Structures are given as C-alpha cells and as structure tokens.
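K.L.:
here is a sequence together with a model predicted from it:
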Amino acid sequence: MKPVKELDPAYLYAGEINVKNRKIAIALNLAGLALLFLFGRLFLQLGSAIRPEIESSALFSVFAIVDLLAMVLGLIGVLILHELVHGFFFWLFTGERPKFGLHILYAYAAAPDWYIPRNRFFVVGLAPFAGLSLAGLLLLPFVPFPAVPILLFCLIFNAAGSVGDLAVGGWLLSQPKNLMVNDTGPSMAFYKAASPAIASMSQRWLLLAGLLGLEEKEARRAFAGLVGRYTEQGRFYHNLEHVRAVLDTAEKLKALADDYTAVQLAVWFHDVVYDPRAEDNEVRSAEYARRTLAELGLAPEIAKRVSDLILTTISHQAEAGDIDAQILIDADLATLGVDEARFRSQSEALRRELSWLPDEEYRQGRELILNNFLARERIYYTDQLFDALEDNARRNLNWAVNAQS
C-alpha cells in the first residue's frame, strides 16, 4: 500500500491522538522523564562496553562534567535532528515537503495532506529512535572522550523523547496492515477499512457531506459515530440496512422535496438512538442529530429542521403542507409494503429486538400499532408510494394482525 491524498470511502475513522490535549501532552512528557532513567542506564552500559573509560555505574558523575551550555545545545540539536528524520521519511514516502512545528510541550514533523499505511508510518515514527541511536553508538568510539558524555546525553534524550513514537509504534503492530494514518502534527487520526456494506454507506454519507461543504475528517468522525450506534448489539431491524432502505425510498421521491438535503440527514439520524425498552428514542435521536450537526458546523436552522423532521416519526403523521416530513414518513413506512417474505422477516427481526417482552404483552402492543395504521384513510402520503405500496402494506398488516390473534 502507498500513501494517498484522497482516502477511500471504505475507510472509517477509528480514533485519534491529539497532543493539543494538555493532559495527553503532559502525560507523554512525564513518561519521557521516567524513560530518561531507563535509557540512561541502557546507554551508559552500552557506552561503557564501547568506551571502557566509562563506568556504567557512574551515571551522575559522567553527567557532572557535561557543560550546561553544551547540554542545551545538545538538546536543541537532538530535537531538530529527531524531527528532520521524521520529515525525511515523510518526504521519502510522499514526495512532498513535510510540515514542521514547535510548541512548548512538543515538536513535530507531519504530512497533513496524506494518509499513510500502517507499515510506512511505523517506519516514519520509529526512524529517529532507531536511526539516531544506532548512528550515535557507531560514532561513540571515535569522538574525543570529553565529548562522550555530551553524545551519551543526546542519545538518552533522543530515546526518552521518543516516548510518543514508541507508544504509537507498539499500538500500530496490533492493528491490521491496511490501517491508514493521517498525521497533522498536533493530532494523529487513524482509519480502518470497513466491510463492503458499511463502505457503500460511507460513500453515500461522504457524498452528502461534500455537498454540505463539511470538512472530510469531521464528516468521517460523525459517520463513525453513526456506524457505532446502528451496529449496537441487539439491533436486528433498526440498523444500517434499515437506513439504507429508507434512503433508497426517499431518493425515489427526491423530485417532490422542498429540502431533500434535510430529508437525507433526517433519515441518517432518525433511529440513531434506539433502546427497545425506552419510549423517547425519537426525541433522543433528534437531540443527537442537533448536537452532531452543530459540531459539524451546519447552521442552527438546518439542525432544527432535521430535528423537527425526526420528531414526526414518533406518530408517523405529518402536516398537510409539509412534503419533506411526508417523504420521510413514507420512506420509513415503506417496509410495510414489501413482499410477504421480506415483511415476515422484518417482523421476526422486530420481535428479536423486543425479546425481553412477554409474548402476550408484545402481541397486544403490536396489534394496537398495526390496527392504528389500518385505520388510516391512507398509510402513505405521497401518491407514488400510495400507488405502489398501499395495497401490499394493508395486506401485510392484516396478515400480521391475524397472526397475533
């Protein structure tokens, strides 16, 4: 695999590390301080084996002769070399000049426009630790003895300063080879390949996000949240397959819509919160949608409209002039008008979601819901779905009511 600038929609956002989070930055620096002692002992032992003049037990006496100015210059030099090595490998793999930055708690080299495969990013991350350590040890026999403590100090500082690289490198080894990494410097985001079914949904979501002008990383993060919700354990009907089916039906009614984008967003979020024991799933789904869309930077009026559309699915009734709500409701109820075999399969899936309910209680509740639909003058608002599905939906509902008896 090679680095790419445009990530395949099949890749899902899988988390990130952000050193702008002061807790993370401070934790890494404290861990680095702890590693100073570990690597201090290690490099002094290696140094004493290469230069017998050094006694491995004399850790503090060796550094006592290091001039303070030389230490400061050594620290600066190591910091620069460390990031230059990162940058060299970024350039080697991408062919573009890397981005460098410095903060009071961290320094970085990055390739913010690129997604880099796991193995190559592993090389980028560990190259300064391995490369500079090896180069310093190879140089150690040839430097004048007064410079040995400075060189050892630089090696120890470089190794201890690699704490973040070592932690990420160790984690990367546990991940699939096709993992992709986007390193912007202060943050590092990870993306994992999804199943074909989820990948096709990701493509649809990213297309919508692009039309809305959303930042791709944030859009992928939001989609990962949707996937996490719709793939929760116990979702046998209210899952991504249901969202796909509702999107497909809504698309057939696109020409009728006043705001088709709002309809699409409402479809994506309308069942995002689903607790089969709760009675406020639609309200909580609407709240989730408003919060997420606000975080994505969409205008408050868009988030409110989407939220209002979702709330119409509580009763599955829409105002006479609200064509967008009618499209959403019809698309959501299109499953009532599918062929008999599919309808029965969906009924079984719904029963599995409510398996905690006793049979009699489930029968009574479902019969009430089904009869409410049958009592309507028409189940579908739009003429297209009324003509295509009304008869089949009533046939399915009557079968289900009789089956409950």
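P.N.:
Sure thing, it's come through.

K.L.:
for Ile54, give me its contacts.
P.N.:
Applying Cβ atoms under 8 Å, 6 or more residues apart in numbering to Ile54 gives the contacts Leu44, Gly47, Ser48, Val62, Val148, Leu152. For every residue, glycine as well, the C-beta is placed using N, CA and C.

K.L.:
then Ala266?
P.N.:
Taking Cβ under 8 Å, 6+ apart as the test, what Ala266 contacts is Ala289, Val306, Leu309, Ile310, Asp324, Leu328.

K.L.:
helix or strand for it, which one?
P.N.:
Ala266 belongs to helix 260-269 when assigned by DSSP states H and E.

K.L.:
residue contacts, Leu79?
P.N.:
Leu79 neighbours (Cβ under 8 Å, 6+ apart): Ala107, Gly161.

K.L.:
that one belongs to a strand, doesn't it?
P.N.:
No: assigned with DSSP: H, G, I helix; E, B strand; the rest coil, Leu79 falls outside any strand and is helix.

K.L.:
how close does it get to His103?
P.N.:
To His103, Leu79 is 12 Å away according to Cβ to Cβ, to the nearest Å.

K.L.:
ok so, going back, just checking, which of the contacts of Ala266 belong to helices?
P.N.:
Among the contacts of Ala266, the ones falling in helices (DSSP state H) are Ala289, Val306, Leu309, Ile310, Asp324, Leu328.

K.L.:
what's the local residue count around Ile329?
P.N.:
24 (other Cβ atoms under 10 Å).

K.L.:
for the stretch 301-405 of the chain, what are the low-confidence residue spans?
P.N.:
The stretch 301-405 of the chain contains residues with pLDDT under 70 at 404-405.

K.L.:
repeat that with 90
P.N.:
402-405 (pLDDT under 90).

K.L.:
please, where are all the helices along it?
P.N.:
Along the stretch 301-405 of the chain, the segments classed as helices by DSSP state H, counting those that start in this stretch run 323-333, 340-353, 359-374, 383-404.

K.L.:
which one, of those, ends up nearest to Asn239?
P.N.:
Between Asn239 and the helices of the stretch 301-405 of the chain, the tightest spacing by Cβ to Cβ is seen for helix 340-353, at 8.7 Å.

K.L.:
from Gly337, how far out is Tyr380?
P.N.:
For Tyr380, the distance to Gly337 - Cβ to Cβ - is 8 Å.

K.L.:
my guess is Gly365 contacts Leu357. True?
P.N.:
Yes: counting by Cβ atoms under 8 Å, Leu357 is a contact partner of Gly365 at 7.4 Å.

K.L.:
which helix runs longest in this protein?
P.N.:
Assignment by DSSP H gives helix 22-50 as the longest helix of the chain.

K.L.:
which residue sits closest to Pro196, ignoring its sequence neighbours?
P.N.:
Ala10 (7.7 Å; Cβ to Cβ, 6 or more residues apart in numbering).

K.L.:
circling back to that earlier point, got the contacts of Ala266 as TSV, with neighbour count columns?
P.N.:
TSV is the format used below for the contacts of Ala266 (neighbours: other Cβ atoms under 10 Å):
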residue	neighbour count
Ala289	23
Val306	29
Leu309	26
Ile310	30
Asp324	24
Leu328	30
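
K.L.:
from the chain's centre, how far out is the longest helix of the chain? Work that out for me.
P.N.:
Counting by Cα atoms, centre = their mean, to the nearest Å, helix 22-50 is centred 32 Å from the centre of its parent chain.

K.L.:
and that helix, what does it pack against?
P.N.:
Under the contact definition 3 or more Cβ pairs under 8 Å, 6 or more residues apart in numbering; DSSP states H and E, helix 22-50 sits against helix 59-64, helix 148-160, helix 163-172.

K.L.:
ok, back up a step: Gly365 and Leu357: which is more packed in?
P.N.:
Remark: of Gly365 and Leu357, Leu357 carries more neighbours, 16 against 13, as counted by other Cβ under 10 Å.

K.L.:
need phi/psi at that one.
P.N.:
For Leu357, the backbone dihedrals (degrees, to the nearest 10) come out as phi -80, psi 140.

K.L.:
roughly how far does it sit from Pro276?
P.N.:
Computed as Cβ to Cβ, the Leu357 to Pro276 distance reads 8 Å.

K.L.:
for Gly77, same thing?
P.N.:
Taking Cβ to Cβ, one finds Gly77 at 62 Å from Pro276.

K.L.:
got the contacts of Ile54 as CSV, with neighbour count columns?
P.N.:
Formatted as CSV, the contacts of Ile54 follow (neighbours: other Cβ under 10 Å):
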residue, neighbour count
Leu44, 22
Gly47, 24
Ser48, 17
Val62, 20
Val148, 20
Leu152, 26
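
K.L.:
make TSV from those residues and add distance to Phe37 and pLDDT to it.
P.N.:
Shown next, in TSV, are these (distance: Cβ to Cβ, whole Å; pLDDT from 0 to 100):
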residue	distance to Phe37	pLDDT
Leu44	11	84
Gly47	15	85
Ser48	17	84
Val62	14	47
Val148	19	83
Leu152	14	87
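
K.L.:
nearest to Asn18, of those?
P.N.:
Once Cβ to Cβ is applied, the member of those that ends up nearest Asn18 is Leu152, at 33.2 Å.

K.L.:
got the contact list for that closest one?
P.N.:
Going by Cβ under 8 Å, 6+ apart, Leu152 touches Phe43, Leu44, Gly47, Ile54, Val62, Leu140.

K.L.:
turn those into CSV, including distance to His238.
P.N.:
Output for those, formatted as CSV (distance: Cβ to Cβ, whole Å):
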residue, distance to His238
Phe43, 58
Leu44, 62
Gly47, 64
Ile54, 68
Val62, 66
Leu140, 64
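
K.L.:
now, the most widely separated pair of these?
P.N.:
So, the contacts of Leu152 by Cβ to Cβ: farthest apart are Val62 and Leu140, at 12.9 Å.

K.L.:
re earlier: which residues are common contacts for Tyr380 and Gly337?
P.N.:
In contact with both Tyr380 and Gly337: Leu389, Glu390, Ala393, using Cβ under 8 Å, 6+ apart.

K.L.:
which one of those has the most neighbours?
P.N.:
Ala393 (24 neighbours).
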